[in-house]
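>>> pasting the structure only:
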């Protein structure tokens, strides 16, 4: 199925670009069907939708970007070097210091420690420096109607985006984000914005672009809603031998095997967790030797933000480095 979808996409790139070079999405039958159904279901003006879609521009760069995510092109050593840098750590310390009271309030409310929230914002947008350059409406329409492998998902996100813009009184033509339509300092997609964003500064708006209060509260709320457990282990290094560990790798990111079961997979790790606690085995490919870690529930929660174990490990390691440097700074001063 994946190969078939890829071939469909490649075929569209080869012959579809010319067909819709004029960006006239409004003339396409499937777009008109989406507009008709959305307007009826959500009591949304069809005329206003027609005006919006007439202004949409097909984003070829978006179609190219979605087929080459960093997680597929880089091994762990290469990926790690992008996010665990002196500059990102230093600016993470500054972000923490500037927003210490907000981060503390979010931890009291949601149970998520400051270092994890800071690291998420650091990995996603370099603490708000890079929030995305693509018009979100254009990106979602392009992916929803010109990217067959995930058109169902992106049409759903397009509907969520239109509702979000209406609810938050946003101009849908002015909003920019990632190539996949993620927005703000926390890079929430539209459905996540509507479901998990919070008005943490209590000013009547949920602003993930300018309000650090809302950004921090929303990230913490997202983690809590996805099952974060306060003060629990996130991940620990592991050692493997033989071949039986591969069966545990194949079980995926969700913790399903108890620590007491690890010996039957020839997996060993130092930990202070209860023998009944569930873990997943994680493999990180390097140039010379591979790394293995055990992921607990909270590691799995990080992967709900981005379904990549390398992403989650980058967040974890950045968080720990920032936390340690904050402690060292306090001791020295």
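Happy to help now that I have it. Bear in mind the structure is a predicted one, so any value in this text is a computation, not a measurement.

>>> what about the residue nearest to residue 178 when sequence neighbours are not counted, is that helix, strand or coil?
Nearest residue to residue 178 in three dimensions, chain neighbours excluded: residue 132, at 4.4 Å (CB to CB, 6 or more residues apart in numbering). C-betas here are computed from N, CA, C, even on glycine. Recorded secondary structure, residue 132: coil (DSSP: H, G, I helix; E, B strand; the rest coil).

>>> Next, count neighbours for residue 132.
For residue 132, the neighbour count with other CB atoms under 10 Å is 20.

>>> Tell me if I'm right that it and residue 175 touch.
No. Applying CB atoms under 8 Å as the test, residue 132 and residue 175 come out as separate, 9.3 Å apart.

>>> Now do the shared contacts for those two.
Common contact partners of residue 132 and residue 175 (CB atoms under 8 Å, 6 or more residues apart in numbering): residue 183.

>>> dump the residue contacts of the residue nearest to residue 178.
Residues in contact with residue 132, defined by CB under 8 Å, 6+ apart, are 125, 176-179, 182-183, 187.

>>> Can you select the buried ones among those residues for me in ChimeraX?
The buried subset of the contacts of residue 132, as determined by 16 or more other CB atoms under 10 Å, is captured in ChimeraX by this line:
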select :125,177,178,179,182,183,187
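
>>> Dump the contacts of residue 132 to JSON lines, plus pLDDT, distance to residue 292 and secondary structure.
Output for the contacts of residue 132, formatted as JSON lines (pLDDT from 0 to 100; distance: CB to CB, whole Å; DSSP: H, G, I helix; E, B strand; the rest coil):
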{"residue": "125", "pLDDT": "98", "distance to residue 292": "30", "secondary structure": "helix"}
{"residue": "176", "pLDDT": "98", "distance to residue 292": "39", "secondary structure": "strand"}
{"residue": "177", "pLDDT": "98", "distance to residue 292": "35", "secondary structure": "strand"}
{"residue": "178", "pLDDT": "97", "distance to residue 292": "31", "secondary structure": "coil"}
{"residue": "179", "pLDDT": "96", "distance to residue 292": "32", "secondary structure": "coil"}
{"residue": "182", "pLDDT": "98", "distance to residue 292": "30", "secondary structure": "coil"}
{"residue": "183", "pLDDT": "98", "distance to residue 292": "35", "secondary structure": "strand"}
{"residue": "187", "pLDDT": "98", "distance to residue 292": "29", "secondary structure": "coil"}
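
>>> and the residue nearest to residue 178, what are its phi and psi?
Reported as degrees, to the nearest 10, the phi and psi values for residue 132 are phi 110, psi 150.

>>> what about the stretch 101-250 of the chain, any weak spots by pLDDT?
The model of the stretch 101-250 of the chain has no residue with pLDDT under 70.

>>> Tell me the buried residues in stretch 132-142?
132, 134-142.

>>> quick one: which of the residues you listed sit in helices?
Under the assignment DSSP state H, the buried residues of stretch 132-142 contribute 136-142 to helices.

>>> what about the strands in the protein?
Ranges of strands in the chain, per DSSP state E, are 134-135, 176-177, 235-240, 257-258, 267-268, 278-284, 291-295.

>>> Please convert the ones you listed to JSON lines, extending it with distance to residue 326.
Formatted as JSON lines, those follow (distance: least, CB to CB, whole Å):
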{"stretch": "strand 134-135", "distance to residue 326": "34"}
{"stretch": "strand 176-177", "distance to residue 326": "30"}
{"stretch": "strand 235-240", "distance to residue 326": "20"}
{"stretch": "strand 257-258", "distance to residue 326": "34"}
{"stretch": "strand 267-268", "distance to residue 326": "32"}
{"stretch": "strand 278-284", "distance to residue 326": "26"}
{"stretch": "strand 291-295", "distance to residue 326": "24"}
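
>>> just so I know, which of these lies nearest residue 159?
For residue 159, the closest of the strands of the chain is strand 176-177, at 16.2 Å, according to CB to CB.

>>> How far does the closest one sit from its chain's centre?
Here strand 176-177 is found 14 Å from its chain centre; the criterion is CA atoms, centre = their mean, to the nearest Å.

>>> Against which helices or strands is it packed?
If contacts are counted by 3 or more CB pairs under 8 Å, 6 or more residues apart in numbering; DSSP states H and E, strand 176-177 sits against strand 134-135, helix 136-146.

>>> how about the ones you listed, which one is nearest residue 85?
Each of these has some distance to residue 85 by CB to CB; the shortest is strand 134-135, at 24.5 Å.

>>> Can you say which of the strands of the chain is nearest to residue 85?
Of all these, strand 278-284 sits nearest to residue 85, with 18.0 Å by CB to CB.

>>> Next, the angle from the closest one to strand 235-240.
70 degrees (axes from the mean of the first three to the mean of the last three CA atoms, to 10 degrees).

>>> And stretch 198-211, how far out from the chain middle?
Using CA atoms, centre = their mean, the offset of stretch 198-211 from its chain centre is 20 Å.

>>> Give me the contact list for it.
102, 105-106, 131, 168, 183-186, 188, 193, 197, 213-218, 221.
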